[in-house]
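> the following comprises the amino acid sequence and a computationally predicted model.
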4 protein chains.
Amino acid sequence: MSKGTVVLAYSGGLDTSCILVWLKEQGYDVIAYLANIGQDEDFDAARKKAESLGAKKVFVEDLRAEFVEEFIWPSVQANAIYEDRYLLGTSIARPCIARRQVLIARQEGAQYVAHGATGKGNDQIRFELTCYALYPSVQVTPWSMDANLMHIRCAAVLQNHPPSDIFCMTKNPEDSPSAPDVLEIEFSKGVPVKVTHLKEGTSKTTPLQIFTYLNEIGGRHGVGRIDIVENRFIGMKCRGIYETPGGTILYHAHLDMEIFTMDREVRRIKQGLGINFSELVYNGFWYSPECEFVRHCIAKSQENVEGKVQVSVLKGHVYILGRESPKSPYNEELVSMDVQGDYNPCDASGFIKINAVRLKEYNRLQNYSFRS
Amino acid sequence: MSKGTVVLAYSGGLDTSCILVWLKEQGYDVIAYLANIGQDEDFDAARKKAESLGAKKVFVEDLRAEFVEEFIWPSVQANAIYEDRYLLGTSIARPCIARRQVLIARQEGAQYVAHGATGKGNDQIRFELTCYALYPSVQVTPWSMDANLMHIRCAAVLQNHPPSDIFCMTKNPEDSPSAPDVLEIEFSKGVPVKVTHLKEGTSKTTPLQIFTYLNEIGGRHGVGRIDIVENRFIGMKCRGIYETPGGTILYHAHLDMEIFTMDREVRRIKQGLGINFSELVYNGFWYSPECEFVRHCIAKSQENVEGKVQVSVLKGHVYILGRESPKSPYNEELVSMDVQGDYNPCDASGFIKINAVRLKEYNRLQNYSFRS
Amino acid sequence: MSKGTVVLAYSGGLDTSCILVWLKEQGYDVIAYLANIGQDEDFDAARKKAESLGAKKVFVEDLRAEFVEEFIWPSVQANAIYEDRYLLGTSIARPCIARRQVLIARQEGAQYVAHGATGKGNDQIRFELTCYALYPSVQVTPWSMDANLMHIRCAAVLQNHPPSDIFCMTKNPEDSPSAPDVLEIEFSKGVPVKVTHLKEGTSKTTPLQIFTYLNEIGGRHGVGRIDIVENRFIGMKCRGIYETPGGTILYHAHLDMEIFTMDREVRRIKQGLGINFSELVYNGFWYSPECEFVRHCIAKSQENVEGKVQVSVLKGHVYILGRESPKSPYNEELVSMDVQGDYNPCDASGFIKINAVRLKEYNRLQNYSFRS
Amino acid sequence: MSKGTVVLAYSGGLDTSCILVWLKEQGYDVIAYLANIGQDEDFDAARKKAESLGAKKVFVEDLRAEFVEEFIWPSVQANAIYEDRYLLGTSIARPCIARRQVLIARQEGAQYVAHGATGKGNDQIRFELTCYALYPSVQVTPWSMDANLMHIRCAAVLQNHPPSDIFCMTKNPEDSPSAPDVLEIEFSKGVPVKVTHLKEGTSKTTPLQIFTYLNEIGGRHGVGRIDIVENRFIGMKCRGIYETPGGTILYHAHLDMEIFTMDREVRRIKQGLGINFSELVYNGFWYSPECEFVRHCIAKSQENVEGKVQVSVLKGHVYILGRESPKSPYNEELVSMDVQGDYNPCDASGFIKINAVRLKEYNRLQNYSFRS
């Protein structure tokens, strides 16, 4: 008699295959769920394997477009970056996959879900928090194997330098081309709507095409490799080596367009919300009232983040060459040294003196006499 | 009859020379103050020029060591960066120079100070706020010429790409060496105390030597060039092109060592203080009660930021290769997949369930049924 | 020949009457603008006076309803409070009045506006920033009289206790009734939609009626008096004595309903935005991109702040007696000691242990042995 | 054979007595630890009871002085308040008690600690996090009884108004005296050093005397009662009814002295740290690197919070009457309308115009034409 139905996040690899078999041995009916979010995988072979291992049903879904539009694009709007270095990458994959997996569980009347993330990592938390948030009565099946699914990562001893063959999306910068690729990225409401290669003239206009293309260009030049120590949500520090080529190009381009078009003070507040967003997503709270709230506020801030940025990509680095926008409060006349425009130099003097009122009073109080 | 004595921040260039002459014509006695903060200048020639133009006295001071130790080092501790791109550079020069200039003004009984910063920029504010904060009764003499002192900057039309000869400290990355320089930077209390070239074996151990050397290595590889649009304190956006080679290497190395050694939650709070620090310094408030307070708190956070980071510098980019520290809470056993150590996998399950309590209640309230 | 037309914020009092006369002497055509925002004033007499003093036109507008709905209500949603004590009160009047005054200026083709706020206060800034934000080409006429318009305020020497007759909206708590008034305040989307006196059964349902009634009840019991020292935007500290009876009742009631219905983490983020809002409004930035952004975000957070709060008002104090809401994630079963519900006590143990991972590692690093 | 030694936080009440007996039945040696933090308890009787129930040893410690000096005083400096209403009260008792309990455990070679806090509350977390932070290898014994220790609290159904006999420290405001008590509280470095009753002339000068006296005066006038719904750390909302008489008086007095003496911008930053402190302490993280860091920063900010505040306490409310300080940057001349002092009215105009630069550019971009 079946213990119930489990929807398993299946990857086709050894770990989740073992879990599939184990779940069946435990008496569950297993539905295998494979999500294509752009990884290099033979999905037909994986489907067949799941079936051969005894999965009751197998669902294979292409989530690439929604992954880009509904998860990566909001992260671009947020300038999402965890602890100043990690562009989230894998953390946003989990809620994308788990959301569909839970939908299938509800649809198929499954009371359980399972996944292959380890017990010491962040992915388990990201997966499970998403499931509970979207399907509160679901149960997550535990398993007894310690599976390591971290392929784009390496928990090497800290002092060792990583082997140079650890990356798979990006070329080694030393071996990358000596001539840059120059792109123009067009933004509307804070997300890319078009990428054009300025020399070759090629253009991409759908979200998935744009992101794939930027990954290709970035990968070609070895952009986006980082070797960091990060703080996991469960409290320990761990080493992570990541490559985020397309995301890195977008991070710099979006930052430029945002600061160009957004009011300074709006941007300061939005920057704080972006840091909140990054921590929430990193910790697994994509589906939470606070992350929804922050995404809403960030999206609001992006209404005028519109225009074109030219970037040059070379030897692991992204350079901003210039930008234009119909929505920027940048005022050439106001800035120019040659034109007074609407600006009166005497005002700066008053501005400074009023700002100094507080500093002078503090000095008098301290009997200030030259300290740093 | 003299109107009084003015201490002028003199650079030896055309602008401040004109101001010197003009001040004398206005009836002031002028004391010329030249500060060496590492710029490429013939200080003897500048001294002679000031004297020939009629300066009553000329002070030439080598501030390079205190500039690095008392201004750059605290900025390194803060991971100071304005609007996510600008490593402050010139903004920290102003308070360093102005502090000494004001000391001389007090010493010489001068009631006035003057400088050559323009009326539309940030430097005027940084200079004057420092003066008022340290010498409340001082008066700043106005002048009528519109002098542009921004030599490492260029307010080109935004869409134009900057000419490639605009930089003077950094080589063009495309023309930089194909082989990296690999350095080990040793930190103590969050500031560098030693830099060693791993291949050549050369070491630098004083602050000024360390910073100068990092500028040299960074410059060699074209590190630290940015082309941005920034928000000035007076409210307008302006374009800025900067090069901060040594500062960029230090920024990445310090960030790595800090996250490696600092508790995650301390770091979150410190990150906020670092953003405060950056805005305050950018706006000219180095000498203010709030900036002193923030510097104090940041310095406190750095007590265990100690260890060695290996970096590779190549073609405009800085790569972290590895790090070690006697002060890091990193625990190999705790992280390892093979050793359970002090960690019980069941605990993660409880941790996740408690974090999910709030999410489940929110779901029930919303009659949640799959929305992103 | 007229120098142009000025729209003057006229109050009917001595100060603005003098300004009216002075403006005419300077050669301006003067349009007097009187706004009724609930102050105790004979508007007909004021109109006649303005006409008799030579105003070309006189506009008298009843702004009370829009003052409550468009300015006070958003402040209630924000839990607006400056430096933890001041409920903004007068700071939100200025943008309300100035907005209409500027509309009239545009409509009447006036190039100038004028007001009677002093040069050392916040009101001048609030007024002028609003004007420039809404009518960038407007000019504000200066005047040479030093007019003190601070009637509900008193800049007494700090050590003196304020005279007890300084308040006009609130009764002295010592002389207020010995029996409380108990009210039920109903909220929808974070603003009050109904107030009912639980004993008397009287109800108020329009914004203006609700606010006026709460001012009456609060005033009767001496609620909302504060004597503080505040930091002005221009940098000096000054003493302020205020009374905000209705606003104080609403502040406590809204806070209660908000925390009852809002997710904890959304509330934390919203609390920060509320502090931003308060500083922006206090400083005069109601009409600014950042304040609009923050108001938008705050309004979004209030979507489920809906329900009823019972408050008791007595002798200067507001007591919350209870609350109910159809939108609260409060779960009686979850909290109850007698029912386990969906909560497993073992989970708390795991939650605590995971939270302790970081603390234990820090202890080991510090050779912790009992320090506070 | 003993399973080991447990140090039990013993209160003398039914719950912890049952736990003591149960622990012995389980085979542990039990050391009973009673801490006097000012609760109304017969400690001799409790000691005898513990011995009679079979405790191997009984420690009774008077922690009142250190509770005030090392826990309450830093909370006063922080203006600690959770979710804008709760003055922490009981949350700071736990780390105070647990610290000593752990010291005894180490001293007595006990491997276990136990307590009577329930599984759905915050106290369990506060207790256990403190233990793990100070004694990482300790083990907390679980027990099977569901003990409710919340005596100063009541989880009544939300709509019901609390019975009026629920409070024990404070008199019902309606029945409290009709004449106020007027006190002068003297602060040094942000903590009270003396309280004087202005009429009676009585003074208190030690921390414990001061706090006890303020509790007495506050209690007499029914100060500090709140009925709130709060968000527990484990995610659920629960109702709490608290009384914090002395703490409430100190909260208002300290706030006043702080804003009077502290620079505005330092205060803004410190306010954020205070909110962090409050959440950390509420959640049980008193002993954590981040709370230590924040306490250090807050203490630094308090260096000039020195002076005297006069407060009036009447019918549940605290009124500030006035204040004085040798350390305040308050400048009578600067504020005065009659004296220009060091302030030039033209400067305000320039200050406003520069602040308006950004607003005008935003308006032009938006084709602004009167929207709120």
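Received the coordinates, thanks. Numbers count the residues shown, from 1 in each chain, chains lettered A, B, ... in the order given.

> after the helix or strand of chain A with the lowest mean pLDDT, which helix or strand is next?
Between all helices and strands in chain A, the lowest mean by mean pLDDT, DSSP states H and E belongs to helix A:332-335, at a mean of 78. Using DSSP states H and E, the next helix or strand after helix A:332-335 towards the C-terminus is helix A:345-366.

> quickly check: that following helix near chain D or not.
Yes - counting by Cβ under 8 Å from any Cβ of the partner chain, chain D has neighbours in helix A:345-366: A:346-351, A:353-355, A:357-358, A:360-362, A:364-365. The way it works is simple: take the backbone N, C-alpha and C, and place the C-beta from them, glycine included.

> I'd guess residue A:59 is in a strand, am I close?
Yes - checked against DSSP: H, G, I helix; E, B strand; the rest coil, residue A:59 lies within a strand.

> and the closest residue to it other than its chain neighbours, how far is that from chain C?
In space, and not counting its chain neighbours, residue A:59 is closest to residue A:33: 5.0 Å by Cβ to Cβ, 6 or more residues apart in numbering or on different chains. In this view, residue A:33 and chain C are 26 Å apart by Cβ to the nearest Cβ, to the nearest Å.

> tally of neighbours for residue A:33?
29 (other Cβ atoms under 10 Å in any protein chain shown).

> before we move on, back to that, so is the least confident helix or strand of chain A next to chain C?
No - Helix A:332-335 stays clear of chain C (Cβ under 8 Å from any Cβ), getting no nearer than 11.9 Å.

> which strands and helices sit next to that helix?
strand B:237-243 (3 or more Cβ pairs under 8 Å, 6 or more residues apart in numbering or on different chains; DSSP states H and E).

> 10 Å instead, please
strand B:237-243, helix D:345-366 (3 or more Cβ pairs under 10 Å, 6 or more residues apart in numbering or on different chains; DSSP states H and E).

> distance from the chain centre to it, please.
Computed by Cα atoms, centre = their mean, to the nearest Å, the chain-centroid distance of helix A:332-335 equals 36 Å.

> kindly report the same for stretch A:33-42.
With Cα atoms, centre = their mean as the basis, stretch A:33-42 stands 18 Å off its chain's centre.

> how about it: buried residues?
Under the neighbour-count criterion of 16 or more other Cβ atoms under 10 Å in any protein chain shown, stretch A:33-42 has A:33, A:34, A:35, A:37, A:38, A:41 buried.

> residues contacting the fourth one?
Think residue A:37. A:61-64, A:66-68, A:71-72, A:90, A:92-94, A:96-97 (Cβ atoms under 10 Å, 6 or more residues apart in numbering or on different chains).

> before we move on, what about residue A:176?
Counting by Cβ under 10 Å, 6+ apart, residue A:176 has contacts A:170, A:219, A:220, A:221, A:222, A:223, A:313, A:314, A:315, A:316, B:315.

> burial count for the last one?
Just to be clear, that refers to residue B:315. Count around residue B:315 with other Cβ under 10 Å applied: 25.

> surely it and residue B:177 touch.
Yes - the pair residue B:315 and residue B:177 qualifies as a contact (Cβ atoms under 10 Å) at a distance of 8.1 Å.

> chain neighbours aside, what residue packs nearest to the residue of chain A found nearest chain D?
Nearest to chain D in chain A, going by Cβ to the nearest Cβ, is residue A:350, at a distance of 2.1 Å. Nearest non-adjacent residue to residue A:350, counting by Cβ to Cβ, 6+ apart: residue D:350, 2.1 Å away.

> I'd say the one you found and residue C:128 touch.
No - counting by Cβ under 10 Å, residue D:350 stays clear of residue C:128, with 11.5 Å between them.

> compare the two (neighbour count), which wins?
residue C:128 (25 against 21).

> how close does the more buried one get to chain B?
Residue C:128 is 15 Å from chain B, by Cβ to the nearest Cβ.

> just to revisit the earlier point, list buried residues within the contacts of residue A:37.
Buried among the contacts of residue A:37 by 16+ other Cβ under 10 Å: A:61, A:63-64, A:66-68, A:71-72, A:90, A:92-94, A:96-97.

> out of these, flag the one nearest to residue A:262.
Distances from residue A:262 to the buried ones among the contacts of residue A:37, taken as Cβ to Cβ, are shortest for residue A:72 (20.4 Å).

> contact partners for the closest residue to residue A:55 other than its chain neighbours?
Leaving out its chain neighbours, the residue that sits closest to residue A:55 by Cβ to Cβ, 6+ apart is residue A:32, at 4.0 Å. Contacts here follow Cβ under 10 Å, 6+ apart; on that basis residue A:32 touches A:6-12, A:16-17, A:20, A:23, A:46-47, A:49-51, A:53-60.

> give me the pLDDT for the closest residue to residue A:291 other than its chain neighbours.
Among residues not flanking residue A:291 along the chain, residue A:280 sits closest, at 4.5 Å (Cβ to Cβ, 6+ apart). pLDDT for residue A:280: 97.

> tell me the angle the helix or strand hosting residue A:280 makes with helix B:264-283.
Element membership for residue A:280 (DSSP H and E) is helix A:264-283. Helix A:264-283 runs at 160 degrees relative to helix B:264-283, counting by axes from the mean of the first three to the mean of the last three Cα atoms, to 10 degrees.

> list the buried residues of the helix or strand immediately after helix A:264-283 in the chain.
Per DSSP H and E, the first helix or strand lying C-terminal to helix A:264-283 is helix A:289-301. By 16+ other Cβ under 10 Å, the buried positions in helix A:289-301 come out as A:289, A:290, A:291, A:292, A:293, A:294, A:295, A:297, A:298, A:299, A:300, A:301.

> ok, the closest residue to chain C within the stretch 101-250 of chain A - contacts?
Nearest to chain C in the stretch 101-250 of chain A, going by Cβ to the nearest Cβ, is residue A:235, at a distance of 3.5 Å. Residues in contact with residue A:235 (Cβ under 10 Å, 6+ apart) are B:263-265, B:329, B:334, B:343, B:351, C:353-362.

> can you check residue A:42 too?
A:12, A:48, A:49.

> hmm, the first one is touching residue A:55, no?
No - applying Cβ under 10 Å as the test, residue A:12 and residue A:55 come out as separate, 11.5 Å apart.

> write out the residues of the stretch 51-200 of chain A neighbouring chain C.
A:125, A:136, A:137 (Cβ under 10 Å from any Cβ of the partner chain).

> A strand includes the last one, no?
The one in question is residue A:137. No - Residue A:137: not assigned to a strand; according to three-state DSSP it is coil.

> related to what we said a few turns ago, now the contacts of residue A:235: which count as buried?
Buried, going by 16+ other Cβ under 10 Å: B:263-265, B:329, B:334, B:343, B:351, C:353-362, out of the contacts of residue A:235.

> roughly how far does residue A:237 sit from residue B:307?
13 Å (Cβ to Cβ, to the nearest Å).

> ok, the two, which is more surrounded?
Legend: neighbour count by other Cβ under 10 Å for residue A:237 and residue B:307, higher for residue A:237 (24 against 21).

> enumerate every residue touching that one.
Applying Cβ under 10 Å, 6+ apart, we find residue A:237 in contact with A:158, A:228-231, B:259-264, B:328-331, B:334-335, C:358, C:361.

> in chain A, which spans are strands?
Using DSSP state E, the strands assigned to chain A run over residues A:5-9, A:29-36, A:57-62, A:112-114, A:139-140, A:181-188, A:191-197, A:203-204, A:225-231, A:237-243, A:307-314, A:317-324.

> can you put these in TSV and add mean pLDDT?
Listed next are the strands of chain A as TSV, based on pLDDT from 0 to 100:
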stretch	mean pLDDT
strand A:5-9	97
strand A:29-36	97
strand A:57-62	97
strand A:112-114	96
strand A:139-140	94
strand A:181-188	98
strand A:191-197	98
strand A:203-204	98
strand A:225-231	93
strand A:237-243	91
strand A:307-314	97
strand A:317-324	95
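
> residue D:116 is nearest to which of those?
Nearest to residue D:116, of all these, is strand A:139-140, at 31.6 Å by Cβ to Cβ.

> is that closest one positioned near chain B?
Yes - applying Cβ under 10 Å from any Cβ, one finds strand A:139-140 touching chain B at residue A:140.
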